[in-house]
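>>> Below: sequence and its predicted model.
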Amino acid sequence: MDISADQPIFVISVAAELADMHPQTLRQYDRLGIVKPSRAPGKSRRYSQRDVNMLREVQRLSHEGVSLEGIKRILELENQVAALQSRISELTEELGRRPRVVDSRIFAAGAAGDVVSLARGQRPRPRSQAMVVWRPRAIGQ
């Protein structure tokens with residue numbers, strides 16, 4: 001039987017011990033919304049392994065001198081980045097499942113500087129059929 005990292009299985013005392021913190025600190029983080037554990041039917045907090053890992057990260061950031069408001073903002077931004085990365089993966093997969101359409105239109109500058117649409121392999125018409133193209137020749141030719 002596999003236990004998910006999101007399954008709330010630890011009571012506050014066990015989570016505090018795993019995170020090397022005091023249970024009161026975990027209550028404070030819950031009140032501030034930094035780490036939000038699940039609630040059991042009797043209103044007691046239940047922490048998942050992911051919550052414990054987050055508590056360790058909060059502790060690390062706190063030891064580095066980051067304020068609790070700063071920690072909260074960092075965690076919010078990390079969650080936002082994770083959600084965006086997940087969305088990018090979804091869109092990339094969706095794009096990979098779509099049939100590939102080859103666009104046969106090519107655009108070029110017309111004689112008057114306008115944009116013209118061409119078929120693949122077609123070249124724009126010169127300004128005049130009598131146009132002379134000067135190309136320098138190499139010495140000795």
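Thanks, I have it.

>>> OK, contacts around V66?
Neighbouring residues of V66 by C-beta atoms under 8 Å, 6 or more residues apart in numbering: I74. C-beta coordinates here come from the backbone N, C-alpha and C atoms, glycine included.

>>> tell me which element the residue sitting nearest the centre point of the chain is part of?
Nearest to the mean C-alpha position of the chain, by C-alpha atoms, centre = their mean, lies Q85 at 2.7 Å. Q85 belongs to helix 68-97 when elements are defined using DSSP states H and E.

>>> Show me what counts as buried in that helix.
71-72, 75 (16 or more other C-beta atoms under 10 Å).

>>> Adjacent strands (with direction) for the worst-scoring helix or strand of the chain on mean pLDDT?
Across the helices and strands of the chain, mean confidence by mean pLDDT, DSSP states H and E is lowest for strand 105-109: a mean of 74. Taking DSSP bridges as the criterion, strand 105-109 sits next to strand 115-119 (antiparallel) in its sheet.

>>> The strand it pairs with: how far from the chain's middle?
Relative to the centre of its chain, strand 115-119 is centred 37 Å away, using C-alpha atoms, centre = their mean, to the nearest Å.
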